[in-house]
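Chemist: Here is a sequence with its predicted model. Questions after.
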Amino acid sequence: MRADPAETTRGIRLQPLALSPTLKDHIHDALRTAIMAMDIYAEGADLRLDERDLAAQLGVSRTPLREALARLQADGFVDIVPRRGVFVRRKSLSEVLEMVILWAALESMAARLATERASDADLRALRDFAQRAGAGAGLADYSDANIAFHQRILALSHCTLLARTADDMFVHMHAVRRRAMGEGDRLHRSRTEHLEIVDALQARDAARAERLVREHTLRLHDHIRHSWPDPDRQPTHKGA
């Protein structure tokens, strides 16, 4: 009896796709979305993707799937290892730390721009979102709301290139923040700091908003640097 794909591919969940002229794009987007939902920096995360099971879950042949995986490799989302398989790409500790520094620079500039460009209604909506996200949400829900909060600041900059550059790091920043949020008192501190950031944005205090966002993200950098194990002592891919 053929194994249920949902049982054999544990780390990723996909929905079947209907055939269309843009099938390769749909496959690429579906895989990218599913990878973004994975907790790839969790200890013991299963990073291997089984082509046969992925094709079965999506309801497609393996040829367009492989083309989509090749695109994802070029985009930096997966590694295709000859005779080994396909693995979701997880950055090394040094790469993660550099990525967090870059994110801090981009988002702090976005905050400065948002004090000038965001409407009063947009900033009220950001406050409402931060308050709702902080009101009794569990760790999983708040982890998603946390990254959404930071994405909203990037969007409020109304600087398309800045937001697009940050989006290229989104899959890794989402997973990094998800893991870090459950460590120490970061969840409580995050809620408090988000509201302080909104205060500065609504006051149109560009220097303070920029500083608070930068310090908020650099505290994540320091937490990771001091708390996470050295990946040079760990395999990049489970079982490597």
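Modeler: Yep, that arrived.

Chemist: How far does the helix ranked longest in the chain sit from its chain's centre?
Modeler: Assignment by DSSP state H gives helix 93-117 as the longest helix of the chain. Averaged C-alpha coordinates place helix 93-117 at 14 Å from its chain's average position (Cα atoms, centre = their mean, to the nearest Å).

Chemist: Check stretch 176-186 too.
Modeler: With Cα atoms, centre = their mean, you get 13 Å for stretch 176-186.

Chemist: How many residues are close by L106?
Modeler: Using other Cβ atoms under 10 Å, L106 has 22 neighbouring residues. For glycine as for every other residue, the C-beta is placed from the backbone atoms N, C-alpha and C.

Chemist: picking that back up, buried ones in the helix or strand that comes right after the longest helix of the chain, by neighbour count?
Modeler: On the C-terminal side of helix 93-117, the closest following helix or strand by DSSP states H and E is helix 120-133. Residues 123, 126-127, 129-130, 133 are the ones in helix 120-133 that count as buried (16 or more other Cβ atoms under 10 Å).

Chemist: what's the spacing between helix 120-133 and its chain's center?
Modeler: Centre-to-centre, helix 120-133 and its host chain are 21 Å apart (Cα atoms, centre = their mean).

Chemist: I'd like to know which elements that helix is packed against.
Modeler: helix 139-156, helix 186-202 (3 or more Cβ pairs under 8 Å, 6 or more residues apart in numbering; DSSP states H and E).

Chemist: Compare these and say which comes out lowest on pLDDT.
Modeler: Per-stretch mean pLDDT for these is lowest at helix 139-156 (a mean of 87).

Chemist: what comes up buried for that helix?
Modeler: 142-147, 149-156.

Chemist: Just want to check the distance between V96 and V176.
Modeler: 6 Å (Cβ to Cβ, to the nearest Å).
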